[in-house]
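Asks: Pasting the sequence and the predicted model now:
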Amino acid sequence: MRATLPNDANAPARVDPADRAAPRATDPNRRPISEDIRLEAKNVFKVFAQDPRPALAMLKNGRRKDEIYNETGAVVGVDDASFAVRTGEIFVIMGLSGSGKSTLVRLLNRLIEPSAGQVLLGGQDLVRMSRKELIDVRRREMSMVFQSFALLPHLSALDNAAFGLTLSGSPLRKRREAARAALAKVGLEQYAERHPHEMSGGMQQRVGLARALAKNPSIMFMDEAFSALDPLIRTEMQDELIRLQKEQQRTIIFISHDLDEAMRIGDRIAIMEGGRIVQVGTPYDILLNPYDDYVASFFKNVDLAKVLRACDVVRAEGLPIASAENTDSPVVLLRQLDVAASNVLYVVDAEGRYRGTLGREAVSEAVRLNRQNLNDLAGLDVSPIAGHSRLSDIMRDVARAPCPVPIVDQSGGFLGALSRSQLLNVLHKD
């Protein structure tokens with residue numbers, strides 16, 4: 001029996017831009033993410049020019065964007081972007097100013113027309129859609145939240161939240177019900193009749209979020225949505241987004257320049273530079289295996305212990321594991337310990353839930369006394385640690401434990417074990 005790693009700690013340094021690797025391991029604050037792909041960008045380009053074809057040909061021949069500008073005057077906004085976003089995933093796109101992240105998000109919903117490539121939403125290519133078809137998809141499937149609140153000053157919070165439904169021709173009663181429910185989701189139901197000037201910046205952005213939610217979209221685009229808010233309010237809005245995601249999972253593409261924000265809310269992160277996607281991966285992937293110096297520069301001041309979780313660094317491969325139902329004899333288990341060069345054995349039930357840890361001495365004693373029931377043996381005094389725990393919160397427990405500490409998910413499922421040496425290797429990685 002073997003536990004499985006939620007993420008591959010030995011993954012190569014670069015994660016392909018079209019990477020479909022699983023997001024981070026289960027977090028009790030989030031619902032599990034589907035394996036289904038909701039949106040996929042395939043070789044998307046954007047060249048700002050009257051005729052983009054010469055610049056596109058130069059890009060495909062390996063020419064740099066500054067060379068193209070000097071020779072043609074064309075500005076390359078996005079260069080060959082490819083990635084896939086799962087249903088229910090928060091996919092964060094990061095980059096410095098001018099990296100192309102805001103252009104990219106507008107290509108994904110065709111607020112800006114791509115110069116080349118495909119944007120597939122539920123398998124349908126948005127680039128090939130007629131204007132009428134695109135408008136219909138936007139009304140049914142998409143919402144967008146901008147950095148500026150963009151509320152209409154003469155309308156109440158309720159009517160602002162209902163504005164998208166008003167444009168789509170939804171009946172008055174239906175759109176008001178949906179808007180009121182959306183305001184309740186963001187904690188503003190009692191402020192439904194207030195106007196924007198009567199609300200704080202954080203409240204106004206909540207109304208903007210409610211307006212996006214009222215349409216019940218399957219996918220949301222959020223462009224620097226919380227950047228204009230004070231730090232404390234920004235953190236509250238991030239918490240709100242995570243809470244809403246747990247209650248009503250949506251696919252979210254979130255543009256940000258704030259590393260802390262990206263690490264906090266993102267299931268995966270895409271790093272952009274000069275219009276290109278340099279690396280895609282979980283925060284763990286990118287933190288420990290940056291593709292180049294540009295990517296590494298984003299994370300150089302990050303305190304790994306405060307960002308990484310136990311489930312990000314847990315080891316499972318090769319651990320000796322026994323069934324609580326005792327399908328293996330003690331002799332077999334002792335041999336398993338020898339093969340694994342381990343002095344501890346982890347016991348799980350039929351559903352893979354952690355049940356205890358046995359030392360080599362207890363297994364040897366079972367062999368000597370010919371005991372078959374592992375439940376009769378004295379286990380080591382070691383408590384499991386929740387997989388979502390930050391490393392900074394568990395360092396003392398790991399350091400004091402008599403053996404590698406068992407790590408479990410929110411259902412008690414055994415994810416693997418974390419040792420002192422593993423923890424030190426991760427935190428002292430150059």
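Replies: Alright, I've got the coordinates. Numbers count the residues shown, from 1 in each chain.

Asks: ok so residue 366 is a helix residue?
Replies: Yes: counting by DSSP: H, G, I helix; E, B strand; the rest coil, residue 366 is found in a helix.

Asks: Can you list the buried residues in stretch 185-201?
Replies: By neighbour count on 16 or more other Cβ atoms under 10 Å, the buried set for stretch 185-201 is 185, 186, 188, 191, 192, 195, 196, 199. Glycine gets a C-beta too; all of them are placed from N, C-alpha and C.

Asks: contacting residues for the first one?
Replies: For residue 185, the contacting residues are 210, 213, 244, 247, 248, taking Cβ atoms under 8 Å, 6 or more residues apart in numbering as the criterion.

Asks: What's the per-residue pLDDT of it here?
Replies: The score at residue 185 is 81. That number is its pLDDT.

Asks: Could you identify the buried members of the contacts of residue 185?
Replies: 210, 213, 244.

Asks: Can you tell me which one of those sits lowest on pLDDT?
Replies: For the buried ones among the contacts of residue 185, the least confident entry is residue 244, with 78.

Asks: Which residue is the nearest non-sequential neighbour of it?
Replies: Counting by Cβ to Cβ, 6 or more residues apart in numbering, residue 185 is the residue found nearest to residue 244 once chain neighbours are left out, at 6.2 Å.

Asks: re the thing from before, got CSV for the buried ones among the contacts of residue 185, with secondary structure and distance to residue 230 too?
Replies: Shown next, in CSV, are the buried ones among the contacts of residue 185 (DSSP: H, G, I helix; E, B strand; the rest coil; distance: Cβ to Cβ, whole Å):
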residue, secondary structure, distance to residue 230
210, helix, 20
213, helix, 23
244, helix, 21
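
Asks: out of the residues you listed, who's nearest residue 366?
Replies: residue 244 (50.5 Å; Cβ to Cβ).

Asks: where do the strands sit along the stretch 101-250 of the chain?
Replies: 116-121, 124-125, 142-145, 219-223 (DSSP state E, counting those that start in this stretch).

Asks: For residue 100, which of those strands is the nearest?
Replies: Going by Cβ to Cβ, the one of the strands of the stretch 101-250 of the chain nearest residue 100 is strand 219-223, 12.5 Å.

Asks: List the residue ranges of the chain that fall below the pLDDT cut-off.
Replies: 1-34, 147-149, 228-229, 326-328, 372-378, 429-430 (pLDDT under 70).

Asks: Could you list the domains of it?
Replies: Following automatic domain parsing, one finds the domains of the chain at 37-302, 312-427.

Asks: What lies in contact with stretch 263-272?
Replies: Contacts of stretch 263-272 (Cβ under 8 Å, 6+ apart): 17, 19, 21, 23-24, 30, 33, 83, 86, 89-95, 99-101, 104, 238, 241-242, 254, 262, 277-283, 286, 291, 294-295, 298, 302, 307.

Asks: at 7 Å what do you get?
Replies: 23-24, 33, 83, 89-95, 99-101, 238, 241-242, 254, 262, 277-283, 286, 295, 298, 307 (Cβ atoms under 7 Å, 6 or more residues apart in numbering).

Asks: Endpoints of it, how far apart?
Replies: 15 Å (Cα to Cα, to the nearest Å).

Asks: how about the helices in the stretch 151-300 of the chain?
Replies: 157-161, 163-167, 172-185, 201-214, 231-247, 259-265, 283-288, 293-299 (DSSP state H, counting those that start in this stretch).
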